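Student: next one to model:
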Amino acid sequence: MDITQQKDLFDIPEDICYLNTASLSPSFKAVEQAGLDAVLQKSRPYLIPSSDFFDPVIKLKQRFAKLIEVDEYERIATIPSASYGIATIANNITLEPGQNVILMQEQFPSNYYSWKKLTDHYQAELKIVPAPKTKINRGKLWNEAILEAIDDNTAVVAMGHIHWSSGTLFNLKAIRKKTHQHKALLIIDGSQSVGALPFSVKELQPDALICAGYKWLFGPYGCGYAYYGPYFDHGEPLEENWTNRLDSHKLPDLTKYQNEYKPFANRYVMGESGSFIHVKMQLAALKQVLFWTPEAIQDHCRTLSIKAAEELRNLGCYIEDNAYRSHHLFGLELPVSVDIEEFKKILADHGVFLSFRGAYVRLSCHLFNTTHDFETFISCLKLALR
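Tutor: Alright, predicted model coming up:
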């Protein structure tokens, strides 16, 4: 794959070093054009057929289903945010006092607050698995601790495929096996992995997968996706909108009120899920991501990051072992001698964009990045170390 051709798909100036897709992806030109086309379409609503409320959404679900290897696209719901998807899940789970819900240390808030509320309500335990304090084999030991934490009292394990700050990679296959043994649900937040890291529902069989759509899936801010497995087939949605009811596509008959929801995940779609602007942009985005493939994206990011990570370790930074981290996103702990505020100024002066998250400087790359981007970041760190 020619990286120069991929960079040409974006409108990123040569003097900008963007290592922050994990925060907000840049739109490529096709997504930008799709949004503009949709805005113009709304200017002439008399030219919009009623089928546009439904057919593009079906196509969108089919594309996301293909990305995560799901045969039944009706198990996909379009949602406005990851927190909406997690709240929907928690809304359909009851706990017994003494049961536990397992989370990782410093999990993203959207995959924390709903579980805190749920366990408080049922007088259950919110069980946080901390990252090991040692820096030797941290990822390996953390995975072992998660498996150890799952027991007969575990009702839910809710976690990311990777840790959103450090990039630590979790062994979901082993975790799924352990949750099956203890009849616990496995809920995955794929916001920082799906699209850039291969993910197969067929292989991992999570009970639900939630993804924000504006990061590695390149959609506009305010969109997301959810996969709901059989456990949630007869659950209650967060809202009662006209599109999630049976036969809602028959617009003249909308006041023939329906008691039944559409099957599978269709009951959980958000109101106005047919948003012309969002859906058109999302369709363009997923078309390109599917063309690239997560495997190719991860391979490219591995090529970029392996050498850079080694040089950063030699400069005194801590980075998770390569075998236990993702390559499109990884965090580094800086040497204690670095003045953070001075370092931030150096980065800004050199046009470097990244994220500071907790104890980590988080670097995230994609096909538009080159080795030069990491060289620029390393040069900035060397200036801060002087």
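Student: what about the longest helix in the chain?
Tutor: Secondary structure of the chain per DSSP state H: the longest helix is helix 294-314.
Student: next one: it to chain centre, how far?
Tutor: 20 Å (C-alpha atoms, centre = their mean, to the nearest Å).
Student: please identify the buried residues of it?
Tutor: 294, 297-298, 300-301, 304-305, 308-309, 312 (16 or more other C-beta atoms under 10 Å). C-beta coordinates here come from the backbone N, C-alpha and C atoms, glycine included.
Student: try stretch 148-155
Tutor: 149-150, 154-155.
Student: now swap in stretch 268-278 and tell me
Tutor: 268-270, 273-278.
Student: and for stretch 369-376?
Tutor: So for stretch 369-376, counting by 16+ other C-beta under 10 Å, buried means 369-370, 373-374, 376.
Student: return the member of those nearest to Ser43.
Tutor: Asn369 (36.7 Å; C-beta to C-beta).
Student: the closest one is in contact with Leu304, isn't it?
Tutor: Yes - in this structure, Asn369 is within contact of Leu304 by C-beta atoms under 8 Å, at 6.1 Å.
Student: just to revisit the earlier point, what residues does the longest helix of the chain touch?
Tutor: Contact partners of helix 294-314, identified using C-beta atoms under 8 Å, 6 or more residues apart in numbering, comprise 1, 3, 67, 194-199, 319, 322, 326-328, 330, 332, 363, 365-367, 369-371, 373-375, 377-378, 381.
Student: again with stretch 100-113
Tutor: The contact list for stretch 100-113 (C-beta under 8 Å, 6+ apart) reads 81-83, 86, 95, 115, 118-119, 124-131, 142, 146, 149-151, 153-160, 163-165, 170, 187, 189, 191-192, 210, 212, 358.
Student: which members of the residues you listed are classed as buried?
Tutor: 81-83, 86, 95, 115, 118-119, 124-125, 127, 129, 131, 142, 146, 149-150, 154-160, 163-165, 170, 187, 189, 191-192, 210, 212.
Student: so which of these sit within helices?
Tutor: Judged by DSSP H, the buried ones among the contacts of stretch 100-113 include 82-83, 86, 115, 118-119, 142, 146, 149 as members of helices.
Student: okay, strands next: where are they in the stretch 251-386 of the chain?
Tutor: Here the stretch 251-386 of the chain has its strands, by DSSP state E, counting those that start in this stretch, at 318-319, 329-333, 352-353, 355-357, 360-364.
Student: re the thing from before, considering the buried residues of stretch 268-278, which is situated nearest to Leu19?
Tutor: His278 (26.4 Å).
Student: can you check the pLDDT for the closest one?
Tutor: Listed pLDDT for His278 reads 94.
Student: before we move on, back to that, which stretch among the strands of the stretch 251-386 of the chain comes nearest Phe343?
Tutor: Here strand 360-364 is closest among the strands of the stretch 251-386 of the chain (C-beta to C-beta), at 8.3 Å.
Student: what does the strand or helix carrying Leu36 rub up against?
Tutor: With elements taken from DSSP states H and E, the one containing Leu36 is helix 29-42. With C-beta under 8 Å, 6+ apart as the test, helix 29-42 has contacts from 9-11, 27, 47-48, 218-220, 276-277, 279-281, 283-285, 287-288.
Student: any idea how far Val338 lies from Ile346?
Tutor: Val338 sits 10 Å away from Ile346, taking C-beta to C-beta, to the nearest Å as the criterion.
Student: where do the contact lists of the two overlap?
Tutor: Residues within reach of Val338 and of Ile346 at once, by C-beta under 8 Å, 6+ apart, are Ala384.
Student: on that earlier part again, any of the contacts of helix 294-314 buried? List them.
Tutor: 67, 194-199, 319, 326-328, 330, 332, 363, 365-367, 369-370, 373-374, 377, 381.
Student: about what we covered before: give me the mean pLDDT for the longest helix of the chain.
Tutor: 95.
Student: do stretch 359-370 as well
Tutor: Across stretch 359-370, the per-residue pLDDT values average to 94.
Student: so what's the gap between that stretch and the chain middle?
Tutor: Going by C-alpha atoms, centre = their mean, where stretch 359-370 is centred and where its chain is centred differ by 15 Å.
Student: again, but for stretch 172-191
Tutor: On C-alpha atoms, centre = their mean, the centre of stretch 172-191 falls 17 Å from the chain's centre.
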